[in-house]
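Enquirer: Predicted model follows, preceded by the sequence.
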Amino acid sequence: MEGQWLGKIEGKLSGTLRVELEDRGDDFRGHAYLYYGAQHGLPGFQFGLSLPKAPPFTAKVETIYLYANGGIMTREDKLRAEQDIVQRFNEPMPATLDVSFNAEGEAQGYVGVAGHPRKRRGRSNWNRPQRPVSDRRPQ
């Protein structure tokens, strides 16, 4: 499980996800980049990954806010983005998220879920998964 995977997020909040992993000997390390569609007016997010070499491929990742066109947000812009998210969805984006990956066959595809806000009875829940993001690397 090494390389780059690109996928689309489908559902109420559409977007794209890019995952990059390298074999670092004892584990796989890399980053995931999540960008929601521009029409949603949400920031992008970066997550540092460190995954074990044997299943289950799970990790807890820190949420890093990105500008919609790329680049890490300044502290002031991150605070504004956090306030906007709370106003829109009644709760903040978690500082950390749990993620999981599944290696399938020789192509070793990526299958995971991205957290997203979902209004429910006046509340949202970032940890409710969006539809699974799935893509396979060509052999």
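Expert: It's in.
Enquirer: Centre of the chain to stretch 18-30, how far?
Expert: Its chain's average C-alpha position is 16 Å from that of stretch 18-30, according to C-alpha atoms, centre = their mean, to the nearest Å.
Enquirer: for it, how far is the first residue from the last?
Expert: 11 Å (C-alpha to C-alpha, to the nearest Å).
Enquirer: Need the residues that contact it.
Expert: Outside of stretch 18-30, the residues within contact range by C-beta atoms under 8 Å, 6 or more residues apart in numbering are 1-7, 31-33, 48-53, 57, 101, 110, 112. Backbone N, C-alpha and C define where each C-beta goes, glycine included.
Enquirer: In this structure, where is pLDDT below threshold?
Expert: Within the chain, the segments meeting pLDDT under 70 span 1, 103-139.
Enquirer: residue ranges for the strands of it, please.
Expert: Along the chain, counting by DSSP state E, strands occupy 3-9, 15-23, 27-36, 44-52, 57-62, 64-66, 96-101, 110-112, 133-135.
Enquirer: buried set for the fourth one?
Expert: Looking back up the chat, that one is strand 44-52. 44-47, 49, 51 (16 or more other C-beta atoms under 10 Å).
Enquirer: re the thing from before, which one of the strands of the chain is the most hemmed in?
Expert: strand 110-112 (a mean of 21; mean count of other C-beta atoms under 10 Å).
Enquirer: ok, back up a step: just put the buried residues of strand 44-52 in a markdown table and tack on distance to Thr74.
Expert: Output for the buried residues of strand 44-52, formatted as a markdown table (distance: C-beta to C-beta, whole Å):
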| residue | distance to Thr74 |
| --- | --- |
| Gly44 | 14 |
| Phe45 | 15 |
| Gln46 | 15 |
| Phe47 | 19 |
| Leu49 | 24 |
| Leu51 | 30 |
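Enquirer: Nothing else from me, thank you.
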